[in-house]
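1. only geometry, no sequence info:
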């Protein structure tokens with residue numbers, strides 16, 4: 001069975017980025033894929049900042065990444081790049097830690113002005129970690145995601161369409177590579 005891990009690199013679970021990750025997780029599960037989510041902000045800050053490789057929390061999170069067939073790396077844009085929280089976690093992944101895995105970047109920002117953060121900031125890091133099959137990714141403007149009072153999120157039709165297309169590409173590529181779905 002296919003196994004996808006979502007690395008959520010927002011410092012807050014109330015971020016509109018959660019709308020993207022929740023939607024992606026639900027769509028992949030509907031397709032019969034096992035999904036695990038690592039909320040980097042839930043990992044002990046001291047372990048991340050001090051790169052405590054002996055931390056059970058860090059070891060467990062890295063084991064989830066290692067076991068995955070595909071990795072969705074999700075981040076808000078800060079200063080035209082991915083979040084510092086995500087950077088701390090990516091720094092702990094071994095140099096070849098993404099070898100043989102599909103990678104799908106999901107990025108959210110305050111305006112379309114940071115669209116290229118996927119190509120110029122995030123994709124080079126994923127490639128440096130051994131990622132050789134990095135899908136195009138989805139950039140969403142946060143105004144396209146409504147946060148409801150009950151904690152759920154509603155994505156605009158445009159974001160949903162682009163996200164569906166990218167998730168379908170991920171699923172088809174997993175199948176093409178002989179990775180069993182459900």
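-> That came through, no problem. Because the structure is predicted, anything quoted here is derived from the model rather than measured. Residues are numbered from 1 along each chain as shown.

2. please verify my assumption that residue 48 contacts residue 40.
-> Yes: under the criterion of CB atoms under 8 Å, residue 48 makes contact with residue 40 at 7.3 Å. All C-beta atoms are positioned from the backbone trio N, CA, C, and that covers glycine.

3. any shared contact partners between those two?
-> Shared contacts of residue 48 and residue 40 (CB atoms under 8 Å, 6 or more residues apart in numbering): 85, 88, 89.

4. now the second one. Nearest residue, chain neighbours left out?
-> Computed as CB to CB, 6 or more residues apart in numbering, the closest residue to residue 88 that is not its neighbour in sequence is residue 48, at 4.1 Å.

5. who's in contact with that neighbour?
-> 40, 58, 85, 88, 89, 92 are the contacts of residue 48 under CB under 8 Å, 6+ apart.

6. could you look up the SS state of the residue nearest the centre of the chain?
-> The centroid of the chain falls nearest to residue 73 when counting by CA atoms, centre = their mean (2.2 Å). Secondary structure state of residue 73, per DSSP: H, G, I helix; E, B strand; the rest coil, is strand.

7. roughly how far does it sit from residue 178?
-> Noted for residue 73: a distance of 23 Å to residue 178, by CB to CB, to the nearest Å.

8. and what of residue 151?
-> Taking CB to CB as the measure, residue 151 falls 38 Å from residue 178.

9. between those two, which one's more packed in?
-> The neighbour comparison of residue 151 against residue 178 (other CB atoms under 10 Å) goes to residue 151, with 10 against 6.

10. double-check that the more buried one belongs to a helix.
-> No: Residue 151 sits outside any helix when classified using three-state DSSP, being coil.

11. need the contact list for residue 174.
-> Taking CB under 8 Å, 6+ apart, one finds 2, 33, 69, 70, 102, 181 in contact with residue 174.

12. what about the longest helix in this structure?
-> helix 157-176 (DSSP state H).

13. give the buried residues for that helix.
-> By neighbour count on 16 or more other CB atoms under 10 Å, the buried set for helix 157-176 is 159, 162, 163, 166, 167, 170, 171, 173, 174.
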